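> Quick one: sequence plus predicted model below, questions after.
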Amino acid sequence: MEEVVIVGAGIAGLATAVALKKVGVRSLVLERSKELRATGAALGLFPNAWVALDTLGVSDKLAALYAPFERGYITDVQTKSIQEVHYPYNSRNGTQPRAVHRKVLLEVLAEELPPNSIRFSSKITFIETQVEQGSPICIVTLDDGSIIKSKVVIGCDGVHSIVARWLGLRLPVYSGRSAVRGLSVFPKGHCYDQSHAIHQFVDVGKRAGFITLNDKEVYWFFAATCPPKGLEKGADPEMIQREVIENLAKDFPSVFLDVVKHSDLSSLTWAPLMFRYPWNILFGNLARSNVTVAGDAMHPMTPDLGQGGCSALEDAVVLGRHLGDSISKHGKLETQDIGFAMERYAKERRLRAVTLITASYLSGWVQQDGSSRLMKFLRDVVFYKLLLARVVNSITEYDCGKLPSVSSLPSRESESSI
């Protein structure tokens, strides 16, 4: 029997596996794909994420590869006016936000795990719980018919999570906006801002932006209240690129269009922006018995404050902390304590998730309207000048805590004799 089965080898799944390893708990990660997936090309990691990465022991590896950013420039496509926004560093530990390759983050986390911790091409189809020898266990069925028994199941299987459905959480809903994301490559180097500032462009119902990752790669996004015309999820990348350049962003500044033209087509993705209603988090089952969820499986949110990946890393540390307190003197999870650990984890994350989902949605709503003088005033004066830096600072000051040290936990040397 497995100690812990984690469904999904994305940011939440791998980070949770690393956190559990740190507290002496073995886990098996089941990933439906044939290899690590990196949908989205890159992502911003704010100070709250770096606190979690430091706890997981990988922050130095990533920080050495990427320069921090301190500010952003926001251009109104219609008026050409430019506003500057500053992103303050974390006053508690001095960390600053950085944009990183999603694939590099996944690889760094995977490198921390023991061999054979990730089982690829493993799609779950069914979950059930049973009582065996007086203790609850989970039984996971895979699409090949094989069965895995485990003391704990953690669903990190994304927006359309099977584990979340099993818990009874309501399905995520469409936000009314869609986004294209991509990675642009300049083999001879680009000439864009080397200070790693975020450049954003806003128009009625549209918002786009880019940030340099290094001297040859640039991450960009385009979000709109209307989906790309005639495109479905998984559409041909060349069609996506052409639709952005020739239609959706045709009036945007040439600097943005040039970035899109240099896209690595294999990195382009289009997807509707989904989120879970905050009240479904507030009143829903985030954990039941020895089953819970983390990352997008729990709290899918719009990307407007860059907190999707950050909050997944927070989840991992908090879950590792609570499960670490359920380890016996033999280095095994005590099944009678697991349910209480899950409840404590769900309680700690519930309000945090509600806050992030709500703030992200409202942030996207106010930034991507601009259809009237009132909305432009709310966007340009109230939000960008007065609120954005304060909102970002307040949510990124969050500290997910520390994991119990292995030295303070029971030794696992006795496992071979048990």
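Structure's in. What do you need? Numbering: from 1, shown residues only.
> Low-confidence regions, this protein specifically.
Residues of the chain meeting the criterion pLDDT under 70: 38-40, 88, 90-94, 194-195, 227-234, 328-331, 406-418.
> tell me the contacts of His81?
In this structure residue 81 is Ser, not His. By CB atoms under 8 Å, 6 or more residues apart in numbering, the contact set of Ser81 is 75, 380. C-beta coordinates here come from the backbone N, C-alpha and C atoms, glycine included.
> all strands in the stretch 251-400 of the chain, in order from the N-terminus.
Applying DSSP state E, counting those that start in this stretch to the stretch 251-400 of the chain gives strands spanning 269-275, 287-288, 291-293.
> any idea which of those strands is most buried?
Neighbour counts averaged per stretch over these are highest for strand 291-293, at a mean of 29; criterion: mean count of other CB atoms under 10 Å.
> What helices and strands are in contact with that one?
On a contact count with 3 or more CB pairs under 8 Å, 6 or more residues apart in numbering; DSSP states H and E, strand 291-293 meets strand 147-155, helix 162-167, helix 335-367.
> okay if I get the ones you listed as TSV plus distance to Val202 and mean neighbour count?
Formatted as TSV, the helices and strands packed on strand 291-293 follow (distance: least, CB to CB, whole Å; neighbours: other CB atoms under 10 Å):
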stretch	distance to Val202	mean neighbour count
strand 147-155	36	22
helix 162-167	33	22
helix 335-367	6	19
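> With Ala316 as the reference, name the closest of these.
strand 147-155 (9.5 Å; CB to CB).
> Output the contacting helices and strands for that closest one.
Against strand 147-155 (3+ CB pairs under 8 Å, 6+ apart) you get strand 2-7, strand 28-30, strand 135-142, helix 162-167, strand 291-293, helix 335-367.
> now the angle between helix 335-367 and it, please.
Interaxial angle, strand 147-155 versus helix 335-367 (axes from the mean of the first three to the mean of the last three CA atoms, to 10 degrees): 50 degrees.
> mind checking which of the helices and strands packed on strand 147-155 is nearest Pro187?
helix 335-367 (33.3 Å).
> where does Phe126 fall, phi/psi-wise?
Backbone torsions of Phe126, given as degrees, to the nearest 10, read phi -160, psi 140.
> can you pull up the bridge partners for the closest residue in space to it that isn't next to it in sequence?
Spatial nearest neighbour of Phe126, chain neighbours left out: Thr141 (4.1 Å); criterion: CB to CB, 6 or more residues apart in numbering. Counting by DSSP bridges, Thr141 forms beta bridges with Phe126, Ile147.
> how about Thr141, what does it touch?
Applying CB under 8 Å, 6+ apart to Thr141 gives the contacts 124-127, 147.
> let's see it at 10 Å
Contact analysis of Thr141 by CB atoms under 10 Å, 6 or more residues apart in numbering lists 124-128, 147-148.
> By neighbours, which of these wins?
Per-residue neighbour counts (other CB atoms under 10 Å) across those peak at Ile124, which has 21 neighbours.
> middle-most residue in the protein, spatially?
Gly309 (2.1 Å; CA atoms, centre = their mean).
> May I ask you to confirm that Pro187 belongs to a helix?
No - if the criterion is DSSP: H, G, I helix; E, B strand; the rest coil, then Pro187 is coil and not within a helix.
> what's around it, how many residues?
7.
> Quick check: chain neighbours aside, which residue is closest to Val366?
The shortest distance from Val366 to any non-neighbouring residue, by CB to CB, 6+ apart, is to Phe383 (5.0 Å).
> Counting neighbours, what do you get for the one you found?
Residues contacting Phe383 under the criterion other CB under 10 Å number 19.
> Was I right to think it contacts Ala359?
No - counting by CB atoms under 10 Å, Phe383 stays clear of Ala359, with 11.6 Å between them.
> Mind listing the shared neighbours of the two?
Common contact partners of Phe383 and Ala359 (CB under 10 Å, 6+ apart): Val391.
> Let me know the closest of the contacts of Thr141 to Thr355.
Nearest member of the contacts of Thr141 to Thr355, counting by CB to CB, is Ile127, at 28.9 Å.
> what's near enough to touch that closest one?
The contact partners of Ile127, taken as CB under 10 Å, 6+ apart, are 5, 7, 138-141, 153, 155, 162-163, 165-167, 291.
> Would you format these as TSV with distance to Val100 included?
Putting the contacts of Ile127 into TSV (distance: CB to CB, whole Å) gives the following:
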residue	distance to Val100
Val5	28
Val7	24
Cys138	33
Ile139	37
Val140	31
Thr141	35
Val153	29
Gly155	25
Ile162	28
Val163	27
Arg165	31
Trp166	32
Leu167	31
Val291	31
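> could you pull out the helices for the stretch 51-200 of the chain?
According to DSSP state H, counting those that start in this stretch, the stretch 51-200 of the chain carries its helices in the segments 59-63, 102-111, 162-167.
> partners of Ala208 in the sheet?
Phe201, Phe222.
> how about it, what does it touch?
75, 77, 179-180, 199-202, 220-224, 244, 248-249, 252-253, 256-257, 259-260 are the contacts of Ala208 under CB under 10 Å, 6+ apart.
> ok, now how distant is it from Asp76?
Counting by CB to CB, to the nearest Å, the gap from Ala208 to Asp76 is 12 Å.
> And the contacts of Ala208, which of them are buried?
Among those, those scoring as buried are 75, 77, 179-180, 199-202, 220-224, 244, 248-249, 252, 256-257, 259-260 (criterion: 16 or more other CB atoms under 10 Å).
> The nearest residue to Ser59 once chain neighbours are set aside: neighbour count?
Excluding the flanking residues, the one nearest Ser59 by CB to CB, 6+ apart is Leu53, at 4.0 Å. Taking other CB under 10 Å as the criterion, the count of residues near Leu53 is 27.
> so can I have TSV of the helices and strands packed on strand 291-293 showing distance to Gly44?
Putting the helices and strands packed on strand 291-293 into TSV (distance: least, CB to CB, whole Å) gives the following:
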stretch	distance to Gly44
strand 147-155	25
helix 162-167	25
helix 335-367	13
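> Quote the end-to-end distance of stretch 269-281.
End-to-end distance for stretch 269-281, by CA to CA, to the nearest Å: 28 Å.
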